[in-house]
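1. Sequence and predicted structure below; questions after.
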Amino acid sequence: LYQRNAGKLYIPASNMKLFSEAAALMVLGPDYRFKNQLSTNAKELSQDGVLKGDLYLHLSGDPSFSRDDLNTLLDSLKTWNIHSILGNVVIDSALAQVPAYPPGWLKTDLAYSYGAPIAPLMLDSNRLT
């Protein structure tokens, strides 16, 4: 039997991503959809469209979430007749405990666009170039 660098961690190659995708498909199923939604603790909405309370953005860590999706989500406030908020806007996610970087990543990896941290709010594929 042979092994080489068995204890050294590497960034997975593209073919490893196929196994990750297959595992996600097996666990989540083909009909799984990320759910990003808004809620509020406001007790009232004034006649002039002022929300008196906090607005919560419940984000699921959707890797395909984009600026356009965020705009669409916030545009839905118009259906509630909300034009301004007298309170806080809070990003809420159950994924806040997820480590920002996988084990084995090097500081040099952070210089590349794929080096963005994992976060509850992923916007535009979590990449910046």
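-> All right, it came through fine.

2. The closest residue to Lys35 other than its chain neighbours: how many residues sit nearby?
-> Spatially, and ignoring its direct neighbours in sequence, Lys35 is nearest to Ser60 (5.5 Å; CB to CB, 6 or more residues apart in numbering). C-beta coordinates here come from the backbone N, C-alpha and C atoms, glycine included. Other residues lying near Ser60 total 17 when counted by other CB atoms under 10 Å.

3. Quick check: the gap between Ser60 and Ser20.
-> Ser60 sits 18 Å away from Ser20 when distances are taken as CB to CB, to the nearest Å.

4. element containing Lys57?
-> Slight slip there: residue 57 is Leu, not Lys. In the assignment (DSSP states H and E), Leu57 maps to strand 55-58.

5. Direction included, what does that strand pair up with?
-> With DSSP bridges as the test, strand 55-58 is paired with strand 37-40 (antiparallel), strand 89-92 (parallel).

6. Residues touching the helix or strand that the first one is followed by, excluding its own?
-> The reference is to strand 37-40. Using DSSP H and E, the next helix or strand after strand 37-40 towards the C-terminus is strand 44-45. If you take CB atoms under 8 Å, 6 or more residues apart in numbering as the criterion, strand 44-45 is touched by Leu51, Lys52, Gly53, Trp80, Asn81, Ile82.
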